[in-house]
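>>> Okay, predicted coordinates and the sequence, questions at the end:
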Amino acid sequence: MIAAWRKWRSGYMGRLVVESFKAQGKYYAVAILAMVAVAAATAGAAFMMEYTVDAMTSPESRRWARVIALGIIGLFLVKAIASYTQSVFLARAGNRIVATQQAKVYRKLLRQGVSYFSGNESSNILMRTTNGAQAARGLIDVLATGFVRDTLTLVGLIAVMFYQQPLLSGVVFIVGPIAIYGVRYLLKGVRNIMQAEFKSMIEIIRVLQETSAGISVIKVFSLEDRMMARMDDAVKKVEKRANDIVRLQSIAGPIMELLAGAAIAGVLVVSTLGIGGSEPPTAGQLMSFITALLMAYEPAKRVSRMRVQIEALMVGVGLLFSLLDQDITLKESPNARDLVKGDGDINMNDVTFSYNGGVPVIDNINLAFEAKKTTALVGQSGGGKSTIFGLIMRFYDPDTGTIEIDGQNIQHASFASLRSRISFVGQETFLFATSVIENIRFAAPDATKEEIVAAAKAAHAHEFISDLPEGYDTQVGENGAFLSGGQKQRIAIARALLRKADILLLDEATSALDSESENLVKDALDTLTRDVTVIVIAHRLSTVLGADKIVVVKDGAVVEQGVATELLEKDGAFRALYDQQFSRTNKQKSASEDAAE
Ligand SMILES: Nc1ncnc2c1ncn2[C@@H]1O[C@H](COP(=O)(O)OP(=O)(O)OP(=O)(O)O)[C@@H](O)[C@H]1O
């Protein structure tokens, strides 16, 4: 018994119930009291039928008619008030469950490491969070109404039935177990169908998200038919599963109805046969019995369906809880300390790293980024440059080796202190769907308008922002949809500059700008970042020739490093990359000159 309780308590259902009751105990206490009152009033009403009918049929009982009438009104009044209270309080507690669970999941998601989001699709997370929380609410509702109101009502009505007609009640209870067995049989299929339905719903969200994000690709490659086919397939599957579930859930009702019909007929036959030799029942007793029997039908139907519903809801609850239980992919060290601020030296010592335990994409790198200097990372695509940024920002931990900022291992630093030191502009600019000014302000919530404008001016964004319909208050749309790639990038640069961090990581940060703007932004960055450790990843080598150090990365290893003049003199990897770009530019130039002639 204790073992069974422990098992239940540690399961999803037990955790949800205990957690919800602990948090919303008051609401549930009121709702449960109200349900007890509903059950008592229902059974009381059936019981009163005996006196009601007798008062109408027998002359000596007639004088009680007014008292009985008052009693009936009283009972139904209690039931009405109790039903209302139960619904309102249960709904309040339910709404709170949805809100708490969703907030809890989101908090957990925010704590998750970056790799978690590469491994878990957004559509999946979305489904679990929204649908899962609704399922949690549904489950508690079913448990509370099923176990308390319906079960108590049933018990009360059964008591009335036995009190009035024990023999006839016996007839009814022969058929009861058959019903229970029949419903149990149905349960088996529900869980599988629900799981499949969840998967198809995730596919619908995925198609919608991909359509919204990739509409230009869909249009340009005429993928409409293919997308429509995917959506058709997903919605059809959801439709089919929904029908399957309804079919299963709906069988329980008619089975009960049939059995109830059979029971009533049986009762009639048995009562007219006068079996048992006892006194025949009075009209009132018989009426009270039949009323209780008929009233028992609805709660009995719900109780019989309860298990099917619980099974179905448990699928959603399971997905929600399994998301909550997932390990954090990258944790702050338990005794994390704030980084002690130094000049901003960064060192990678014997660092090897692979994504998800695959082949190493960083292979035993030893690299020093000198404080307040600019280091450029160059090399072929896929060489591991952006991964180095991810490691410095501690989005991932190295498999072996350490990364130090001012001589302190970043794995022992608090996330807040590490990230407050770093500012970053990535290859893909992300803007929130709010105004321009808010998008820049995210970097430093306390910044004044003047500081924001100064950052925007340095990023050469001020001119175009001022030309926008509402200037800095213009809304940028979902992920900056209303702006051009170069404009978005300049806002991202302004944001990074506003942060005034002493380490600045720029991953192709000016790639979306035309050459003229790129040079202007670069000049501004050069002046503004004199006291900052800058690491810049650039494909256009002309933009990094002035760097204090250039590091060539290839297949996760450092193949060459030094200043541009030095590297260009050597016939090494940098020279090769440079010549490649240079000859290409020259070829383009001469081609355009030929065309001009
Ligand atoms: N999230 C990820 N999961 C698994 N592998 C990844 C992930 N991100 C990058 N990789 C792999 O790691 C390698 C290095 O990628 P990285 O983005 O660091 O290269 P890069 O030098 O910055 O390339 P580019 O110049 O094209 O931006 C690539 O082979 C890439 O396929």
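Received it, and whenever you're ready, just let me know what you need. Just so we're clear, the structure is a prediction, and the values are computed from it rather than from any experiment.
>>> mind giving me the domain split of this structure?
7-325, 345-421+501-566, 428-500 (automatic domain parsing).
>>> With distance to A573 and mean pLDDT added, can I get those in CSV?
Heads up, the C-betas are built off the backbone N, CA and C, glycines and all. Converted to CSV, those look like this (distance: least, CB to CB, whole Å; pLDDT from 0 to 100):
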stretch, distance to A573, mean pLDDT
domain 7-325, 29, 84
domain 345-421+501-566, 5, 90
domain 428-500, 27, 90
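>>> Let me have the ones you listed in a markdown table, extended by mean neighbour count and distance to the ligand.
Shown next, in a markdown table, are the domains of the chain (neighbours: other CB atoms under 10 Å; distance: least, CB to the nearest ligand atom, whole Å):
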| stretch | mean neighbour count | distance to the ligand |
| --- | --- | --- |
| domain 7-325 | 17 | 4 |
| domain 345-421+501-566 | 18 | 3 |
| domain 428-500 | 18 | 10 |
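>>> can you list those domains in JSON lines and add distance to E332?
Listed next are these as JSON lines, based on distance: least, CB to CB, whole Å:
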{"stretch": "domain 7-325", "distance to E332": "9"}
{"stretch": "domain 345-421+501-566", "distance to E332": "5"}
{"stretch": "domain 428-500", "distance to E332": "21"}
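>>> Tell me which residue of the stretch 201-350 of the chain lies closest to the ligand.
T329 (11.6 Å; CB to the nearest ligand atom).
>>> In this structure that residue contacts Y116, no?
Yes. If you go by CB atoms under 8 Å, T329 and Y116 touch, sitting 4.5 Å apart.
>>> which residues in the stretch 251-400 of the chain form strands?
346-353, 362-369, 374-378, 400-405 (DSSP state E, counting those that start in this stretch).
>>> And stretch 410-422, end to end?
Start-to-end span of stretch 410-422 (CA to CA, to the nearest Å) is 12 Å.
>>> Pull the distance from it to the chain's centre.
27 Å (CA atoms, centre = their mean, to the nearest Å).
>>> Can you tell me what sits against it?
332-333, 335-339, 341, 344, 392-394, 397, 402-405, 501-505 (CB atoms under 8 Å, 6 or more residues apart in numbering).
>>> which other residues reach stretch 325-334?
Stretch 325-334 is contacted by residues 108, 111-116, 119, 394-397, 411-415 when judged by CB under 8 Å, 6+ apart.
>>> what separates that stretch from the chain centre, distance-wise?
Distance, centroid of stretch 325-334 to centroid of chain: 18 Å (CA atoms, centre = their mean).
>>> May I see the buried residues of that stretch?
Using 16 or more other CB atoms under 10 Å as the test for burial, stretch 325-334 gives 329-330, 332.
>>> how close does G316 sit to A23?
Relative to A23, G316 is positioned 19 Å away (CB to CB, to the nearest Å).
>>> OK, contacts around the residue positioned nearest the centre of the chain?
By CA atoms, centre = their mean, the mean C-alpha position of the chain lies nearest to T129, the distance being 3.3 Å. Shown in contact with T129 (CB under 8 Å, 6+ apart): 102, 105-106, 320, 323.
>>> isn't there a helix covering it?
Yes. Counting by DSSP: H, G, I helix; E, B strand; the rest coil, T129 is found in a helix.
>>> Tell me how far it lies from A45.
43 Å.
>>> OK, contacts around the residue nearest to the residue of the stretch 201-350 of the chain closest to the ligand when sequence neighbours are not counted?
Distances taken as CB to CB, 6 or more residues apart in numbering put G113 closest to T329, at 3.6 Å, once the chain neighbours are dropped. The contact partners of G113, taken as CB under 8 Å, 6+ apart, are 328-331, 395-396.
>>> Restricted to helices, list these.
Using DSSP state H, no member of these sits in helices.
>>> Closest one to Q487 out of those residues, please.
Among the contacts of G113, F395 lies closest to Q487 (CB to CB), at 26.5 Å.
>>> so what's T153 closest to, chain neighbours aside?
The shortest distance from T153 to any non-neighbouring residue, by CB to CB, 6+ apart, is to A39 (4.1 Å).
>>> Next: Y472.
Sequence neighbours aside, I437 is the residue nearest to Y472 in space, at 4.0 Å (criterion: CB to CB, 6+ apart).
>>> Which helix or strand lies directly C-terminal to the helix or strand hosting the one you found?
I437 is part of helix 436-441, with elements assigned from DSSP states H and E. Next helix or strand after helix 436-441 toward the C-terminus (DSSP H and E): helix 449-458.
>>> and the helix holding I437, what does it pack onto?
Taking 3 or more CB pairs under 8 Å, 6 or more residues apart in numbering; DSSP states H and E as contact, the helices and strands that helix 436-441 lies on are helix 449-458, helix 485-498.
>>> could you dump the ones you listed to JSON lines with distance to R6?
Shown next, in JSON lines, are the helices and strands packed on helix 436-441 (distance: least, CB to CB, whole Å):
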{"stretch": "helix 449-458", "distance to R6": "57"}
{"stretch": "helix 485-498", "distance to R6": "52"}
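>>> can you confirm F424 is in a strand?
Yes. The assignment for F424 is a strand, going by three-state DSSP.
>>> Which of the three states applies to the nearest residue to it once chain neighbours are set aside?
Spatial nearest neighbour of F424, excluding adjacent residues (CB to CB, 6+ apart): L505 at 4.6 Å. Three-state assignment for L505 (three-state DSSP): strand.
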